[in-house]
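Novice: here are the coordinates; sequence isn't available:
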């Protein structure tokens, strides 16, 4: 199965059996999903679509509310969530970004007065980063903006459904991550 090519075809006509399933998905208008060959392709399509929508929504939110990019906010948030020494590589790993992307975001944060960078006490080849008081205040403003947006933009999901979605996505993430590391 080539889920990528099938999921990328948003103009494909739904198959007879899948058209019924597509319209039956909670929160999905009938015919809103492209014709996909199976549940795995549908999952792949929806995960990619939701991730893209989260990124676009977050980018717009943080630009509007804070005047910064989503990537900038995510880097600041990771540093805020991990008090103490934190390397650029650890931030990159946590966010799934390249070290170069994280480095550019850190440079911007340092220049704006939101973050400090020092040579790591563990190894001179790494830098440790920390938020300034202004950086911490910016993260709090961003967290508040996200909470307000979440209340109006995201569906009120049943807590059991949320836990199920998290469990399933965590299992898929773990499996795919292990597969990529073996390759």
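Specialist: Good, I have the coordinates. This structure is a prediction, so every number in the text was calculated from the model and none was measured.
Novice: CA atoms for contacts and neighbours, from now on please.
Specialist: Fine.
Novice: for the record, mean pLDDT for stretch 158-178?
Specialist: For stretch 158-178, mean pLDDT is 92.
Novice: use 14 as the first number for this chain going forward.
Specialist: Fine by me, first position is 14 from now on; the one you just mentioned is stretch 171-191.
Novice: chain center to it, what's the gap?
Specialist: Stretch 171-191 sits 14 Å away from the centroid of its parent chain (C-alpha atoms, centre = their mean, to the nearest Å).
Novice: which residues make contact with it from outside it?
Specialist: Contacts to stretch 171-191, defined as C-alpha atoms under 8 Å, 6 or more residues apart in numbering, come from no residue at all.
Novice: do the same with stretch 130-145
Specialist: Stretch 130-145 has contacts (C-alpha under 8 Å, 6+ apart) with 89, 92-93, 96-101, 123, 126-129.
Novice: all helices of this protein, in order?
Specialist: 16-21, 29-37, 52-79, 83-94, 101-108, 112-125, 146-166, 172-195 (DSSP state H).
Novice: where does pLDDT dip in this protein?
Specialist: The chain contains residues with pLDDT under 70 at 14-45.
Novice: columns distance to residue 136 on top of the helices of the chain, output as TSV?
Specialist: Converted to TSV, these look like this (distance: least, C-alpha to C-alpha, whole Å):
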stretch	distance to residue 136
helix 16-21	41
helix 29-37	53
helix 52-79	34
helix 83-94	19
helix 101-108	13
helix 112-125	17
helix 146-166	25
helix 172-195	25
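Novice: and these, which is most packed in?
Specialist: Mean neighbour counts were taken over the helices of the chain using mean count of other C-alpha atoms under 10 Å, and the top value, a mean of 20, falls to helix 83-94.
Novice: against which helices or strands is that one packed?
Specialist: Judged by 3 or more C-alpha pairs under 8 Å, 6 or more residues apart in numbering; DSSP states H and E, helix 83-94 is in contact with helix 52-79, helix 101-108, helix 112-125, strand 140-144, helix 146-166.
Novice: picking up where we left off before, could you export the contacts of stretch 130-145 as CSV, including distance to residue 177?
Specialist: CSV is the format used below for the contacts of stretch 130-145 (distance: C-alpha to C-alpha, whole Å):
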residue, distance to residue 177
89, 29
92, 28
93, 28
96, 30
97, 33
98, 34
99, 31
100, 32
101, 32
123, 39
126, 40
127, 37
128, 36
129, 39
